[in-house]
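A.B. asks: quick one: sequence plus predicted model below, questions after.
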Protein chains: 2
Amino acid sequence: MKQAVYMFEEGSQEMRNILGGKGANLAEMTRIGLPVPEGFTVSTDACKDYYANEAQLSVKVKQELFAALRKLEDKTGKKLGAVDQPLFVSVRSGAVFSMPGMMDTVLNLGMNDDTVEGMTRLTGNARFSYDSYRRFIQMFSDVVLGVETYFFERELERYRAEKGYSTDPEMSADDWKAIIETYKGIVLDHTDEPFPEDPHRQLLLSIEAVFDSWNNDRAQIYRRLNKIPHDLGTAVTIQSMVFGNMGEDSGTGVAFTRDPSSGEGILYGEYLVNAQGEDVVAGIRTPQPIATLKDVMPDVYEQFASTCNRLEAHYGDMQDIEFTVESGKLYLLQTRNGKRTAQAAVKIAVDMKKENVLTKEEALLRVNPDQLNHLLHRRIDENYERNSLIKGLPASPGAATGKVVFTADDADLCAKKGEKVILVRPETTPDDIHGIIASEAVVTSRGGMTSHAAVVARGMGKACICGCDGLKINLEDKQFSVNGQIVQYFDTITIDGSTGEVFLGEVPMMEPELSGEFQELLVWSDELRRMGVRSNADNPHDAAKSRELGAEGIGLCRTEHMFMDPARIPIVQEMILADTQTEREKALEKLLPMQQEDFTGIFKEMAGLPVTIRLLDPPLHEFLPDKEELLVDLTKLQITDPASPQLKEKQKLMRKLRELDEFNPMLGHRGCRLGMTHPEIYEMQAKAVFYAAADLAGQGQEVKPEVMIPLVGHVNELKAMRLVVENAAQVVAEETGQKLDYTVGTMIEVPRAALTADEIAAEADFFSFGTNDLTQTTFGYSRDDAEGKFLTRYVETEVLEANPFMEIDRKGVGKLVEMGVNLGRGTKPGLKTGICGEHGGDPHSIQFCENQGLDYVSCSPFRVPVARLAAAQAAIMAQQKAAAADKSVRKAL
Amino acid sequence: MKQAVYMFEEGSQEMRNILGGKGANLAEMTRIGLPVPEGFTVSTDACKDYYANEAQLSVKVKQELFAALRKLEDKTGKKLGAVDQPLFVSVRSGAVFSMPGMMDTVLNLGMNDDTVEGMTRLTGNARFSYDSYRRFIQMFSDVVLGVETYFFERELERYRAEKGYSTDPEMSADDWKAIIETYKGIVLDHTDEPFPEDPHRQLLLSIEAVFDSWNNDRAQIYRRLNKIPHDLGTAVTIQSMVFGNMGEDSGTGVAFTRDPSSGEGILYGEYLVNAQGEDVVAGIRTPQPIATLKDVMPDVYEQFASTCNRLEAHYGDMQDIEFTVESGKLYLLQTRNGKRTAQAAVKIAVDMKKENVLTKEEALLRVNPDQLNHLLHRRIDENYERNSLIKGLPASPGAATGKVVFTADDADLCAKKGEKVILVRPETTPDDIHGIIASEAVVTSRGGMTSHAAVVARGMGKACICGCDGLKINLEDKQFSVNGQIVQYFDTITIDGSTGEVFLGEVPMMEPELSGEFQELLVWSDELRRMGVRSNADNPHDAAKSRELGAEGIGLCRTEHMFMDPARIPIVQEMILADTQTEREKALEKLLPMQQEDFTGIFKEMAGLPVTIRLLDPPLHEFLPDKEELLVDLTKLQITDPASPQLKEKQKLMRKLRELDEFNPMLGHRGCRLGMTHPEIYEMQAKAVFYAAADLAGQGQEVKPEVMIPLVGHVNELKAMRLVVENAAQVVAEETGQKLDYTVGTMIEVPRAALTADEIAAEADFFSFGTNDLTQTTFGYSRDDAEGKFLTRYVETEVLEANPFMEIDRKGVGKLVEMGVNLGRGTKPGLKTGICGEHGGDPHSIQFCENQGLDYVSCSPFRVPVARLAAAQAAIMAQQKAAAADKSVRKAL
């Protein structure tokens, strides 16, 4: 150990290992000339020395400690334990990584029966100084002497009760004096020794307590869990206390260097003259806006303003500052990056780039992409105090107010009359589409983040809450209840799809605002990202929206939503219920022109950009009526009207439903397995794609269809389905005389596809990782079942680091994606790869995609801006990492 | 090309690449001195030369060909195209790998208007020789000249109709002569040339046809699919024809070197004097038993018997031989390993080892392990001509006859009266257990190989057929129908669980017979295998049975079957329906002694052997009544008796069912996810295990419980559940004072577990690969849904090489197992690993397990002998492979 104790001015940010996080920060602030209260740090080396020395402070450490203390006394002109100009200090632990379970802070160390008088003289406030003293005893006893706070609080309460006080401010200086005596008695009682009044002893005991706490049980367990080495040791930082209540030229306050709400470049905050931080918290006096400080203490204000500039320049970010003015001198107690609204985050980043405080790259890294999302949707006013009725799954972001309706037909009817309604259903089915379109938002009591309601609402950019278990719907009486509280048909509610909260009545809203800075940030993102960003869109409207938000193509166009159109469902059912091949083909012939029209609309919107069309994926029974409802109808008819001709018809439908029924539809007869057993369906779809493409190509428009085969698990499936698509293309090309430019690829969405990607790549022009299903199969989780039943709990109790449906699971699912990319490109170098699961809109997952070298991400239209920024950030970080690696290689050479 | 044509005596088995499969075989037989008709082979080199030479036979090839023909004529004393002693030959293609789509065979080449007379003279049978001639024209035209058989058959039919004949034997020599003229006309018509009568031209054309067929479309596609190089070429084998119809010293027959039915070491077969093979097939004359040949042609018989011995010694296996005697001289036309019954296979292998024909290793490799399975179950008499009513999935092997009943209660009642019954249900539930126990066998119209009925029946060793779609059950009228045919309550049926067939009435049966040879074979297997063999057993009876069959422990004891006991179901339901924690714990307390008793019984049977106990796995709703039935009941009550108190109760049950209901139960709230949310259930189970173990340990018995946590996907799940188990063990150890010896491990049954096996191994004492569920999740197949809907078709159309639930999918699931083992052992060298899915009883999968270095396989009790043999075979093959590799390394050094 070269040196055991460092004055703040001897250290810097780089000395974190020796000074701990706090010590290094304070040293850095001192180094760049900020007005920080003076102090010094006992190093981590001293801690190691302590443990090497049988938990004793060595003579060398003590010598250096007291030498530093003397220097501190000289600088401040105060003295520890002196009655005149007494010095008080704070003692804080400072591990390299902040660690719960360790001793944290002792304030006002140096207090005793003498120095309390000195403080009274300086502040002219006996009540304050005795309150400070009793707080010190309580804190010191708890963290240093091990006497629990409980014993002190109990006595304080008893005293207040005796006096008939209900709050602390009613306590006078004499009351506090009396309490101090009681407190000393408690200490004597528990430790068999009087409270240590010698400030130097207080200091030594505090330092030993910090060192001891390094090895207590909680800290050890924490280190084991977080893989922090046990031999790092902790530092201890000693800093002089400053007082804002030393008269009218003193004060205290908090401020932001910019407006954290709008991002505007003005100082924002408040202060109190002749006051300590506690006074602000207690709320007895009303703080003043920071701007008025200019008039009250012009010099201090000027110093403060220039300090703020210096801080921003140094930290490259908007700062949240605690400060105190002691006798006309400004001190910074703390500074940290300030929390801000989404809007402010964007404005601040863009402004700071323009002010040359940040580079473009740094500015982009400053904004949390998830925040952008809020800016794109109507949202509940940030100042509204939330008092929700119930909370479900946040299935689709945005907020909405409307009147409760319980059927799709009601929703449709009311909307036509100009009413704003929210559709509340146990769950929705394809039959409800017109109701969802007509509603402001949807709430379901069952189903998860991938339920019908959730998927459809997200696609439409409508707010949606799913799996709201506690919401008991009574469809007959047209009402729902939550814990006995009843909400009737046409009562007004508000929902927040970003949090899953339902509110009674109307709630103040904020409209989405896409500022110039927002657009600028995205333009910069586009300059710097490597990956493409596409959208998941199933109709011309979504396609247009996503193009407007910057999508460079469609990564996933699900064709089943087209089947669910209420006008088509009867024809789709006709196809499914067909008894003969001829009947089925007749139904498919009717569907073909409809599908063709869909594709024409989408291709037009996406002129010149690629459109990945996934052929039919869900099991056929999803297009038939609900089995349970049918069963109830059947049973009723059998009793009430057994001769009804309806009965026969329903029985036929029931037979088909039973035939198609599956124990685990997620793992059943769907995806390309349908295409394999019913190639005529895929053939119809492929023809619809190519007729639409040929038609537009004939009009001179550039069309880039990419036909995607879902749920491939074996290369032979892709080989067979590819043939169906190619044959359809050939038929259309011959018929129309148009040259068709298209590719055929596959979703990688079951583990076996990733594991055998080398074989599958031979038949694929592209891979699109369907990480929703891949997560379901890799974990063996049915998302709809898991979230309500155990997954939420797994995340809350940290069994899982994150919900793997929100953020890609790198160790499991991610490993499969990596294998898929590497095996695929092993067979076909340069194979185009993308991701089209919901992870395509999640910044963490996008970073993972960047690292795996994927070519693009695809997400829902309203996530496109998020993805653009996140992709840019991922590219910047990857580049930084590469540059750092490059540098370390150069160094080594 | 050194040499284009090889006489049989110039070749050997090793020259397969040059002579093709057939040519090499015939050369080998010639080489070891067997009486094979003389001949020669045009080599694959000649074929390559043909293609190099623009599809022309080169002069060199033709020269060698005719030189070989001359040698053949010298040896046989016959001459191609001669009227006196005419030589006739067969021409056969002979690729290195046999290949469908290629030209196969031309017999009797050399026939023409002259030589047919020579044949008549030799055989004294004009009808025969003209028939042979017309057959030759037909065959040659078809395969060499490309005139389809259809044209010839049409004319033959027309002729027969004219003559009023209904069969060929009615045709006279003159009739055939007439036909031959017609045939020649057809050839002229189609080829514009007369039928080639020159035998040398016939020969050249045939060889060219074989060479051409190497590159026809079908052959090319076949080679692509099977990855056979296109440049191997094919050989052509030319062999002289011999005639068994040259008089009373001639004849023809087929024979086995041992009895293919019992395996006894006696010649077995039959022959006809003065006849050709066709006569045997035509069935006009009755063949004689081979033993009588001794009296008729003693010399020939002796030669034949000694040839059989030579053949067995050479091929090391029982042979199936076709032979012909021409003028007192024996010729072997074909010999191949003979097909045999399971019983014969075992006896022959063991006998041949004792006769020193085979080594122990070779003897073990001779028996197909799957065959052993047949010997363990009652089965339908092999001579019974099967005429099944319908076919379902072969869910559990064995055969049974009984009277049809439709409810578990009826089954129970009838069984108590001594009736043998077969339970026929749409599907079974835990409520039906007593009915399954009471029945001889179970048939269900729904559900797959892992349905409740299938799993329970396999465990009990009872025959079972599932997923019998076409069987329409009418529970109300107590009958079922198949295509309109109605089977009533108490009608007798027979089922074969090994094939899935249902028969009307009683069918003759064979009882299982475990011969001495069977036992001997298994003892040898145990000597030579490396892997352990355990069983999947859930009760003392199955445990005892599997120990009797050689199991060395239990690899999977499913605890849910214990919950399904009809006496316990009410308590289990009480636990599930509990509104409070107290109620739930009360129910669990009642279950604990019951579970303890289960474990005591099993531990007793398995004294000294390890028992792997899997904690509760299925979702809780499996223990509640069927939702649809309840819904129907509810609806009925609401109409007929809305005031019924039953209604309220059923509504409560319905609410709970809805709460527990899952979209995809396979991927839902089950396995350790249940343990995580309801640790009290796992705690109860662990305590029951340890109380049972402590109790027996106190009595001096050795108990080795291995507690297995199911469905782990993240190490944190195992960590948490391990703690629950360890705490339970500690409580029991303290309470009983017994030292408990146990381990805690996990199933690897979702892909994520295999992918993160390095992390999971840190908390696991063993891994057991649950390849049933791992296959379901890796492919994304729900087995119950897939098999009926697309999987069977996938296997039939070769989209998949095999049903991955029967034989492990090496490329996908196998890759995960490999990763699991390697990652796990990377963390914990020597980690114990096993497999407990159904693959544990499948020989191909067992071989895979051997190659992956697993420690044991576990399978259903009745598969244990199969697994013992298969494990031995796998070990032998692995050793042989290692030895071969070692040899090639030595060679290289």
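C.D. replies: All right, it came through fine.
A.B. asks: number of nearby residues for the residue in the stretch 201-350 of chain A that chain B sits nearest to?
C.D. replies: Taking C-beta to the nearest C-beta as the measure, the stretch 201-350 of chain A has residue A:225 as its residue closest to chain B, at 11.1 Å. All C-beta atoms are positioned from the backbone trio N, CA, C, and that covers glycine. Using other C-beta atoms under 10 Å in any protein chain shown, residue A:225 has 9 neighbouring residues.
A.B. asks: contacting residues for it?
C.D. replies: Contacts for residue A:225 (C-beta atoms under 8 Å, 6 or more residues apart in numbering or on different chains) come out as none.
A.B. asks: gap between stretch A:648-662 and the chain center?
C.D. replies: 45 Å (C-alpha atoms, centre = their mean, to the nearest Å).
A.B. asks: is any part of it close to chain B?
C.D. replies: Yes. Judged by C-beta under 8 Å from any C-beta of the partner chain, stretch A:648-662 comes into contact with chain B at residue A:662.
A.B. asks: show me which residues of that stretch are buried.
C.D. replies: Buried positions in stretch A:648-662, judged by neighbour count with 16 or more other C-beta atoms under 10 Å in any protein chain shown: A:650, A:653, A:654, A:656, A:657, A:660, A:661, A:662.
A.B. asks: which SS class is the first one?
C.D. replies: Using DSSP: H, G, I helix; E, B strand; the rest coil as the criterion, the local structure at residue A:650 reads helix.
A.B. asks: tally of neighbours for the closest residue to it other than its chain neighbours?
C.D. replies: Sequence neighbours aside, residue A:634 is the residue nearest to residue A:650 in space, at 5.3 Å (criterion: C-beta to C-beta, 6 or more residues apart in numbering or on different chains). By other C-beta under 10 Å, the residues close to residue A:634 number 18.
A.B. asks: so what does the strand or helix carrying residue A:634 touch, helix or strand wise?
C.D. replies: In this structure, residue A:634 sits in helix A:627-640 according to DSSP states H and E. For helix A:627-640, the elements it packs on are helix A:645-660, helix B:627-640, judged by 3 or more C-beta pairs under 8 Å, 6 or more residues apart in numbering or on different chains; DSSP states H and E.
A.B. asks: indicate which one of the ones you listed is closest to residue A:875.
C.D. replies: Ranking the helices and strands packed on helix A:627-640 by distance to residue A:875, with C-beta to C-beta as the measure, places helix A:645-660 first at 46.3 Å.
A.B. asks: tell me what angle the closest one forms with helix A:627-640.
C.D. replies: 150 degrees (axes from the mean of the first three to the mean of the last three C-alpha atoms, to 10 degrees).
A.B. asks: and the average pLDDT for helix A:645-660 is what?
C.D. replies: The predicted model gives helix A:645-660 an average pLDDT of 87.
A.B. asks: ok, then the element right after the helix or strand of chain A with the lowest mean pLDDT?
C.D. replies: Of all the helices and strands that make up chain A, the one with the lowest confidence by mean pLDDT, DSSP states H and E is helix A:277-282; it has a mean of 65. Toward the C-terminus, helix A:277-282 is succeeded by strand A:288-289 as the next helix or strand (DSSP H and E).
A.B. asks: now residue A:345, nearest residue through space, not along the chain?
C.D. replies: Among residues not flanking residue A:345 along the chain, residue A:367 sits closest, at 5.0 Å (C-beta to C-beta, 6+ apart).
A.B. asks: show me what contacts the one you found?
C.D. replies: With contacts defined as C-beta under 8 Å, 6+ apart, residue A:367 is in contact with A:345, A:346, A:349, A:521, A:869.
A.B. asks: helix or strand right after the helix or strand containing the first one?
C.D. replies: Using DSSP H and E, the element containing residue A:345 is helix A:342-354. Scanning the chain past helix A:342-354 towards its C-terminal end, the next helix or strand to appear is helix A:360-366 (assignment: DSSP H and E).
A.B. asks: contacts for the next helix or strand along the chain from that following helix?
C.D. replies: The C-terminal neighbour of helix A:360-366 among helices and strands, as given by DSSP H and E, is helix A:369-376. The list of residues contacting helix A:369-376 from outside it, by C-beta under 8 Å, 6+ apart, reads A:342-343, A:345-346, A:397, A:498, A:512-514, A:518, A:549, A:843, A:846, A:862-863, A:865-867, A:869-870, A:873.
A.B. asks: returning to what we had before: now distance to residue A:423 too, for the helices and strands packed on helix A:627-640, in CSV please.
C.D. replies: Conversion of the helices and strands packed on helix A:627-640 to CSV gives the following (distance: least, C-beta to C-beta, whole Å):
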stretch, distance to residue A:423
helix A:645-660, 25
helix B:627-640, 25
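A.B. asks: wait, which of these is closest to residue A:324?
C.D. replies: Across those, residue A:324 has its closest neighbour in helix B:627-640 (67.6 Å, C-beta to C-beta).
A.B. asks: need the CA coordinates for that closest one. CSV is fine.
C.D. replies: Output for helix B:627-640, consisting of C-alpha atoms alone and laid out as CSV, is shown next (Å, rounded to 0.1, in the frame of the first residue of the first chain):
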residue,chain,number,x,y,z
LYS,B,627,-64.9,-29.5,-19.4
GLU,B,628,-67.2,-30.2,-22.3
GLU,B,629,-69.2,-32.8,-20.4
LEU,B,630,-69.6,-30.3,-17.5
LEU,B,631,-70.7,-27.6,-19.9
VAL,B,632,-73.4,-29.9,-21.3
ASP,B,633,-74.5,-30.8,-17.8
LEU,B,634,-74.6,-27.2,-16.8
THR,B,635,-76.6,-26.1,-19.9
LYS,B,636,-79.1,-28.9,-19.3
LEU,B,637,-79.6,-28.1,-15.7
GLN,B,638,-80.0,-24.4,-16.5
ILE,B,639,-83.0,-25.3,-18.7
THR,B,640,-84.5,-28.2,-16.8
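A.B. asks: go through it and flag the buried ones.
C.D. replies: Within helix B:627-640, the residues that qualify as buried are B:627, B:630, B:631, B:632, B:633, B:634, B:635, B:637, B:638, counting by 16+ other C-beta under 10 Å.
A.B. asks: per-domain residue ranges of chain A.
C.D. replies: In the assignment given by automatic domain parsing, the structural domains of chain A cover A:242-340, A:378-510, A:529-619+A:662-880.
A.B. asks: quick one: the longest one to chain centroid distance?
C.D. replies: Centroid separation for domain A:529-619+A:662-880 versus its chain: 26 Å, with C-alpha atoms, centre = their mean.
A.B. asks: with stretch A:124-131 instead?
C.D. replies: Stretch A:124-131 sits 45 Å away from the centroid of its parent chain (C-alpha atoms, centre = their mean).
A.B. asks: remind me which helix or strand the most far-flung residue of chain A relative to its centre belongs to.
C.D. replies: No residue in chain A sits farther from the centre than residue A:643, which is 59.2 Å out by C-alpha atoms, centre = their mean. Of the helices and strands defined by DSSP H and E, none includes residue A:643.
A.B. asks: report the separation between it and chain B.
C.D. replies: With distances defined as C-beta to the nearest C-beta, to the nearest Å, the gap from residue A:643 to chain B amounts to 17 Å.
A.B. asks: which SS state does the closest residue to residue A:294 other than its chain neighbours fall under?
C.D. replies: Here the nearest residue to residue A:294 in space, its sequence neighbours aside, is residue A:301; by C-beta to C-beta, 6+ apart that works out to 4.4 Å. When classified by three-state DSSP, residue A:301 comes out as helix.
A.B. asks: surely residue A:301 and residue A:289 touch.
C.D. replies: No. Taking contacts as C-beta atoms under 8 Å, residue A:301 lies outside contact range of residue A:289: 11.9 Å.
A.B. asks: if you count surrounding residues, which of the two has more?
C.D. replies: Neighbours were tallied for residue A:301 and for residue A:289 using other C-beta under 10 Å; the higher tally belongs to residue A:301 (20 against 13).
A.B. asks: tell me the pLDDT of the more buried one.
C.D. replies: What the model reports as pLDDT for residue A:301 is 95.
A.B. asks: likewise residue A:787?
C.D. replies: pLDDT at residue A:787 comes out at 81.
A.B. asks: sorry, back to before: what's near enough to touch the residue nearest to residue A:650?
C.D. replies: Residues near residue A:634 by C-beta under 8 Å, 6+ apart: A:647, A:650, A:651, A:654.
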